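> here's a sequence, model it:
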Amino acid sequence: MESLLGTLKLHTVCQEARCPNLGDCFPRGTATFLILGDTCTRDCRFCAVKKGKPLPLDQDEPERVAQAVRRLGLSHVVVTSVTRDDLPDGGASHFASTIRNIRALNPGATVEVLVPDFGGRFNSLKKVLEEGADVFNHNVETAPRLYPLVRPGASYYRSLELLKLAKEMGALTKSGLMMGLGERREEVNSVMEEMKEVGVDILTIGQYLRPSRRQLEVREYLPPEDFLAYEEEALRIGFHFVSSGPFVRSSYRAKEALDSISAAKLQTNKGHGLQWKAESQEAKMRKWGKTQS
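Below is the predicted model of the structure:
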């Protein structure tokens, strides 16, 4: 896996962010591709990705990602990026090109994108959504009270608005939260309620682990029963799929989440954005394998 990525000169968030699941995912031939370079223009205090002034865009990167997908034989592809506030569209065109290239070389693969907030630019969001990714992911990460400490430069309400707009354009939406940064239980429950209000379908909840001494210290290590309690609350609120546990990350075993809600099929309707295929709530619940309490 490392040899292939090196040959194609590609980055993965698995390596750059020091993901604890790398030893599980790489042997299974899965990875989350990191596009737009390896240098982020923001300084989120939880993240190990390099910060600074990025290099110019590598215009051939989308094609090389598609080649890697074909050589690995991936059936579900997750693509994320660093934040590029230096680019006029925040890198949205590059995301769109990557989706197109993956689909051209791998017509049977499903595609999931985990995007930054594009600085709140609606036109950038639209560029990505119009390519019809099967899953649209943007992580809220933590409670709004902690944003100045954890995500300086980001906005909790901007992230919610991005997810809301994506849902209004018909996307299957996904987001994630980190635990152990000093959040309170009532804050987490409130955030989950607000995420569901803007239409988030899939939720991941994991334990924050300090990547290095440069990042924030862990305030609390939650026991497994707390993650189970959050999962039960999220399902009660109405999320269609929830993955909650200490080592859960937003793209960990992402295909399982998509497969579990296979009733949520997306189709591209040229000129009208993305549309849900009509299906009864009862049929959706049966396919999701969930029962209403």
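> what are the boundaries of the helices in the stretch 51-200 of the chain?
61-72, 92-105, 122-129, 147-150, 156-168, 185-197 (DSSP state H, counting those that start in this stretch).
> save these as TSV, and put in distance to residue 260 too.
(Glycine included, C-beta is placed from N, CA and C.) Listed next are the helices of the stretch 51-200 of the chain as TSV, based on distance: least, C-beta to C-beta, whole Å:
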stretch	distance to residue 260
helix 61-72	22
helix 92-105	22
helix 122-129	22
helix 147-150	29
helix 156-168	19
helix 185-197	17
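> distance to residue 250, mean neighbour count and mean pLDDT for those helices - can I get that in CSV?
What follows is the helices of the stretch 51-200 of the chain, written out as CSV (distance: least, C-beta to C-beta, whole Å; neighbours: other C-beta atoms under 10 Å; pLDDT from 0 to 100):
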stretch, distance to residue 250, mean neighbour count, mean pLDDT
helix 61-72, 18, 20, 91
helix 92-105, 16, 21, 96
helix 122-129, 16, 19, 95
helix 147-150, 15, 16, 95
helix 156-168, 13, 19, 96
helix 185-197, 13, 16, 98
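> quick one: closest of these to residue 37.
helix 61-72 (8.4 Å; C-beta to C-beta).
> also compute the angle for the closest one relative to helix 92-105, please.
Angle, helix 61-72 to helix 92-105, by axes from the mean of the first three to the mean of the last three C-alpha atoms, to 10 degrees: 30 degrees.
> packing partners of helix 61-72?
In this structure, helix 61-72 makes packing contacts with helix 2-7, strand 32-35, helix 92-105, judged by 3 or more C-beta pairs under 8 Å, 6 or more residues apart in numbering; DSSP states H and E.
> what would those look like in TSV with distance to residue 242?
Formatted as TSV, those follow (distance: least, C-beta to C-beta, whole Å):
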stretch	distance to residue 242
helix 2-7	31
strand 32-35	20
helix 92-105	26
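> surely residue 98 meets residue 65?
Yes. Counting by C-beta atoms under 8 Å, residue 65 is a contact partner of residue 98 at 5.4 Å.
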